[in-house]
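In: pasting the structure only:
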Ligand code: 2RA
């Protein structure tokens, strides 16, 4: 019979997209159980065209569950994913709690699908959306050329910080709209937006860019920047990959973008890279600048592929390509990749 799936965190930004994805993908699941914090329990959500009552997170909620997806904060996953496993489920976790655990695979189906079976703790991790947004493209180029170095700047959407992130940008834009002097004097945006102590971002995000994502780590690095480094190495299986990232939040609701400077073992050509990316099933090439064709977040949001454009041979670096990548941070960056991992596990139940 078809396996039972639990979606933990069903009411959050990623959970909401997950219900849409589960409704529209080939249906491999028997029961789909929705689980959330006690605060959200009792809510009725629609999935696969049916109303489902959200259950409160409890050990018993996992009884009979074969695969449990977690889209919840790190500390909730750290506590509850092992509980789901102890009740017999395989946990597919989208938090940062287990990603760098050597006994937990970090899976992108385009790069390392075989790793789903290598899960001594019964837990499989889904990568951070910033790393994940470029992995399908970088994995395809790595297989052909051997990746050596990645220098990345991200342009991250506010929904990466959850529903509070999107709400904050809408609120700030509303506070600023209509005043045609805004953005002309230092500090005027900061004065006009709602109290920053209530924002998930450390500076105004409307009419601005904020060079910060995540929490402060050693030597001035942001946690998000270290995740790009650590997770890219693990997913691509290149432990000594040289990576340097600068993560920036931009006033985009959903879809992360990355400017990537990727260096390979030998010389690379734009033509060959285009052919490789065109052949990659989940990558879409949008690269005709003369016609104004390149990926932008506003044109990509709500879709599944990884979009690549602006592919250039770096002028002073013969082994290096520069390119621009966009991917929906809630879909491939989070819910879709989690669903794809869970489907790889579901095959074990249905053969
Ligand atoms: C962000 N990648 O964009 C992080 C967390 N989802 O904020």
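Out: Happy to help now that I have it. Note that the structure is a prediction, hence the values are computed from the model and not measured.

In: Test of understanding: give the bridge partners of residue 260.
Out: residue 152, residue 323 (DSSP bridges).

In: burial measure for it, as a count.
Out: For residue 260, the neighbour count with other Cβ atoms under 10 Å is 24. Glycine gets a C-beta too; all of them are placed from N, C-alpha and C.

In: Could you do residue 171 as well?
Out: Neighbours of residue 171 (other Cβ under 10 Å): 16.

In: how far away is it from residue 205?
Out: 10 Å (Cβ to Cβ, to the nearest Å).

In: What count of nearby residues applies to residue 198?
Out: Residues near residue 198, counting by other Cβ under 10 Å: 10.

In: That one and residue 188: what is the separation?
Out: Residue 198 is 19 Å from residue 188, by Cβ to Cβ.

In: next one: residue 73
Out: 34 Å.

In: The residue in the stretch 151-300 of the chain that the ligand sits nearest to: how many residues sit nearby?
Out: Using Cβ to the nearest ligand atom, the single residue of the stretch 151-300 of the chain nearest to the ligand is residue 160, 2.0 Å away. Using other Cβ under 10 Å, the number of residues around residue 160 comes to 29.

In: Need the pLDDT of it.
Out: For residue 160, the pLDDT comes out at 97.

In: tell me the SS of it?
Out: Of the three states, residue 160 takes helix under DSSP: H, G, I helix; E, B strand; the rest coil.

In: Same check on residue 69?
Out: Quick answer, by three-state DSSP: residue 69 is strand.

In: Which strand or helix spans the spatially closest residue to it that is not a sequence neighbour?
Out: The shortest distance from residue 69 to any non-neighbouring residue, by Cβ to Cβ, 6 or more residues apart in numbering, is to residue 92 (4.9 Å). For residue 92, the host element (DSSP states H and E) is strand 90-93.

In: what lines up beside that strand in the sheet?
Out: Sheet pairing of strand 90-93 (DSSP bridges) gives strand 67-70 (parallel), strand 123-125 (parallel).

In: Just the pLDDT at the residue nearest in space to the middle of the chain, thanks.
Out: Among the residues of the chain, the one closest to the centroid is residue 129, at 1.9 Å (Cα atoms, centre = their mean). On pLDDT, residue 129 comes in at 97.

In: Likewise for the one 4 residues further on?
Out: The model reports residue 133 with a pLDDT of 96.

In: How about the contacts made by it?
Out: 256-258, 306, 325-327, 329, 332-333 (Cβ atoms under 8 Å, 6 or more residues apart in numbering).

In: where does it fall, helix, sheet strand or coil?
Out: Criterion first, three-state DSSP; result for residue 133: helix.

In: State the pLDDT value of the closest residue to it other than its chain neighbours.
Out: Nearest non-adjacent residue to residue 133, counting by Cβ to Cβ, 6+ apart: residue 327, 3.7 Å away. Looking at residue 327, its pLDDT stands at 98.

In: Which parts of the stretch 51-200 of the chain are helices?
Out: Remark: helices assigned in the stretch 51-200 of the chain by DSSP state H, counting those that start in this stretch are 74-86, 129-145, 163-176, 188-192.

In: Nearest approach to residue 268 belongs to which of those helices?
Out: The closest of those to residue 268 is helix 129-145. By Cβ to Cβ, the value is 5.6 Å.

In: measure residue 316 to residue 261 for me?
Out: Taking Cβ to Cβ, one finds residue 316 at 11 Å from residue 261.

In: Give the residue from the two that has the larger number of neighbours.
Out: residue 261 (17 against 5).

In: Does the more buried one touch residue 147 like I think?
Out: No. Taking Cβ atoms under 8 Å as the definition, residue 261 is not a contact partner of residue 147, at 11.6 Å.

In: re earlier: can you name the residues that contact the nearest residue to the residue of the stretch 151-300 of the chain closest to the ligand once chain neighbours are set aside?
Out: The shortest distance from residue 160 to any non-neighbouring residue, by Cβ to Cβ, 6+ apart, is to residue 329 (5.2 Å). Shown in contact with residue 329 (Cβ under 8 Å, 6+ apart): 129-130, 133, 156-157, 159-160, 254-256.

In: how close does residue 329 get to residue 320?
Out: Distance from residue 329 to residue 320, by Cβ to Cβ: 26 Å.

In: Secondary structure class of residue 232, three-state.
Out: helix.

In: now do residue 227
Out: helix.

In: gap between whatever residue of the stretch 251-351 of the chain ends up closest to the ligand and residue 218?
Out: Evaluated by Cβ to the nearest ligand atom, the stretch 251-351 of the chain has residue 329 as its residue closest to the ligand, separated by 6.0 Å. In this view, residue 329 and residue 218 are 26 Å apart by Cβ to Cβ.

In: and if you look at residue 84?
Out: For residue 84 relative to residue 218 (Cβ to Cβ), the value is 32 Å.

In: quick one: which of these two has more around it?
Out: Counted by other Cβ under 10 Å, residue 84 and residue 218 do not tie: residue 84 has more neighbours, with 28 against 6.

In: thinking the more buried one is in contact with residue 64, fair?
Out: No. Contact criterion Cβ under 8 Å: residue 84 and residue 64 do not qualify, at 11.5 Å.

In: All set now, cheers.
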